[in-house]
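Colleague: next input, structure requested:
(one chain, ligands or ions: 3)
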Amino acid sequence: MSNDYILEVKDLKQYYPIKGGIFQRKVGEVKAVDGISFAVKKGQTVGLVGESGCGKSSAGRTILRLQDVTSGKIQFCDQDITNIKGKALREARKGFQMVFQDPYASLNPMQMIGDIVGEPIRNYYHKSQKEIEGEVKDLLKRVGLNEQAYYKYAHEFSGGQRQRVGIARALALKPKLIIADEPVSALDVSVQSQVLNIMAELQEDFGLSYLFIAHDLSVVKHVSDYICVMYLGHIVEQGPAEAIYSRPQHPYTQSLISAIPEIRPGQKKERILLQGDLPSPSDPPHGCPFHTRCPIAQDECRLEKPAYRQVEPDHFAACILLEEEVFPQ
Ligand SMILES: Nc1ncnc2c1ncn2[C@@H]1O[C@H](COP(=O)(O)OP(=O)(O)OP(=O)(O)O)[C@@H](O)[C@H]1O
Ligand code: SF4
Ligand SMILES: [Mg+2]
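Modeller: Residues are numbered from 1 along each chain as shown. Ligands and ions are numbered 1, 2, ... in the order given. This is a model prediction of the structure:
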């Protein structure tokens, strides 16, 4: 992996077994993540988008090794973390953290905020209470809360403030990569941009890289350098944010872009509405995963999973109707 990258994911799969019968034997599997490949550059933000159930959270949790990997490879900095366990995994975890969607559920209501944020430091380092308190108060300031927040409890805060606490906790071990799983989806629109601005400032100050998970493109648009569009466990298109917005190539990305409300009033844009529901990842369609809903599907789309075509530098899409150079997916 080149030095410019902090994370490289290759052909990653996360299949969950479906068990049934009195012996709870495996009777099938949910192919939540079905062979995704992408990379995150140092100091940059990669947005991972797609509709509910397409496997975004499974991808995030698997990359951070909160779940075991079915197959594929995860390279973090210069370490292959795909199958590391025990001490090695615990040590590697200092480098990457997750921020969760629901700031209400992810904070223990019985614990003082100072203890919640300081917990990772306490778990990893032998530091005095005074030292930890100093570090935690500094972290709280960095996320825009005052020192008094240290002595409060989660219920005393608004959703936006709780998410700031979640971010402060994720920063406690000075990670290099943060996977933020829909960090603002549960918040009021008015506070979403405040939290996004804090994340941008922290990125600058700490040189952080983000994998930013969201279900709609309008949020990732403002924060991402590079975007991966996920559909039914696959990344169907990936490219620089500007290219994805101005020149989407995959019909699925085109439908997502068409759903973003107009920025300039009066500008007309045709909405591409998809027919049908997202197929089940336990019984995915053969061939192109999108063929059951694709408005321009052909007979041959049912035959094989399309390989990536490179449509311009760093911009790839998996659709057989694109004729540029073919790259293995
Ligand atoms: N632990 C699990 N065991 C079995 N199936 C799971 C598990 N976690 C997720 N799934 C299934 O895997 C698929 C992908 O789920 P996942 O939560 O990763 O999607 P998502 O893109 O994050 O969706 P959302 O936008 O709703 O958060 C879904 O069909 C889901 O039901
Ligand atoms: S390969 Fe076929 S079904 Fe898939 S996106 Fe392209 S045209 Fe649509
Ligand atoms: Mg999710």
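
Colleague: going forward, measure contacts and count neighbours with C-alpha atoms only.
Modeller: Fine.

Colleague: isn't residue 203 right up against residue 197?
Modeller: No - applying Cα atoms under 8 Å as the test, residue 203 and residue 197 come out as separate, 9.8 Å apart.

Colleague: the two - which one has more neighbours?
Modeller: In this view residue 203 and residue 197 are compared by other Cα atoms under 10 Å, and residue 203 has more residues nearby, 19 against 14.

Colleague: show residues contacting the helix or strand harbouring that one.
Modeller: Assigned by DSSP states H and E, residue 203 falls within helix 189-206. Contact with helix 189-206 is made by 43, 142, 143, 144, 160, 163, 164, 184, 185, 208, 209, 223, as judged by Cα atoms under 8 Å, 6 or more residues apart in numbering.

Colleague: burial count for the second one?
Modeller: Around residue 142 sit 18 other residues, with neighbours defined as other Cα under 10 Å.

Colleague: so how far is residue 169 from it?
Modeller: 11 Å (Cα to Cα, to the nearest Å).

Colleague: with the last one instead?
Modeller: As defined by Cα to Cα, residue 223 lies at a distance of 21 Å from residue 169.

Colleague: list phi and psi for the nearest residue to residue 154 once chain neighbours are set aside.
Modeller: Nearest non-adjacent residue to residue 154, counting by Cα to Cα, 6 or more residues apart in numbering: residue 109, 5.6 Å away. Residue 109 has phi and psi values of phi -70, psi -20 when expressed as degrees, to the nearest 10.

Colleague: let me see the contact set for whichever residue of the stretch 101-250 of the chain sits closest to ligand 1.
Modeller: Closest residue of the stretch 101-250 of the chain to ligand 1, Cα to the nearest ligand atom: residue 215 (5.6 Å). Residues in contact with residue 215 (Cα under 8 Å, 6+ apart) are 49, 50, 51, 52, 182.

Colleague: tell me what the first one is bridged to.
Modeller: Each beta-bridge partner of residue 49 is listed here: residue 214, residue 229, as defined by DSSP bridges.

Colleague: who touches the helix or strand where residue 243 lies?
Modeller: Per DSSP H and E: residue 243 is located in helix 241-246. In this structure, residues lying in contact with helix 241-246 by Cα under 8 Å, 6+ apart are 221, 224, 225, 226, 227, 238, 253, 257, 315.

Colleague: ok, these vs ligand 2, which is closest?
Modeller: residue 253 (9.5 Å).

Colleague: can you list the buried residues in stretch 287-295?
Modeller: 288, 289, 290, 291, 292, 293, 294 (16 or more other Cα atoms under 10 Å).

Colleague: report the entries of those that also contact ligand 2.
Modeller: Contacts with ligand 2 within the buried residues of stretch 287-295, as defined by Cα under 6 Å from any ligand atom: 288, 290, 291, 294.

Colleague: give me every residue that touches the third one.
Modeller: This points to residue 291. Contacts of residue 291 by Cα under 8 Å, 6+ apart are 285, 297, 301, 302.

Colleague: surely the third one forms part of a helix?
Modeller: Yes - per DSSP: H, G, I helix; E, B strand; the rest coil, residue 301 lies within a helix segment.

Colleague: and it, what is it in contact with?
Modeller: So residue 301 contacts 287, 288, 291, 320 (Cα under 8 Å, 6+ apart).

Colleague: now, which of the contacts of helix 241-246 lie within helices?
Modeller: 221, 253, 257 (DSSP state H).

Colleague: surely the second one touches residue 230?
Modeller: If I follow you right, that is residue 253. No - using Cα under 8 Å, residue 253 makes no contact with residue 230, being 9.0 Å away.

Colleague: what residues are shared contacts of those two?
Modeller: residue 237.

Colleague: flag every residue of the stretch 101-250 of the chain that's near ligand 1.
Modeller: residue 215.

Colleague: give me the nearest residue to the residue of the stretch 101-250 of the chain found nearest ligand 2, chain neighbours excluded.
Modeller: With Cα to the nearest ligand atom, the shortest gap between the stretch 101-250 of the chain and ligand 2 falls at residue 250, namely 5.9 Å. Spatial nearest neighbour of residue 250, chain neighbours left out: residue 317 (5.9 Å); criterion: Cα to Cα, 6+ apart.

Colleague: coming back round to it: neighbour-wise, which of the ones in helices among the contacts of helix 241-246 leads?
Modeller: Of the ones in helices among the contacts of helix 241-246, with other Cα under 10 Å as the count, residue 253 tops at 25 neighbours.

Colleague: what about the closest residue to it other than its chain neighbours, distance to residue 189?
Modeller: Spatial nearest neighbour of residue 253, excluding adjacent residues (Cα to Cα, 6+ apart): residue 229 at 6.8 Å. Residue 229 is 23 Å from residue 189, where distance means Cα to Cα.
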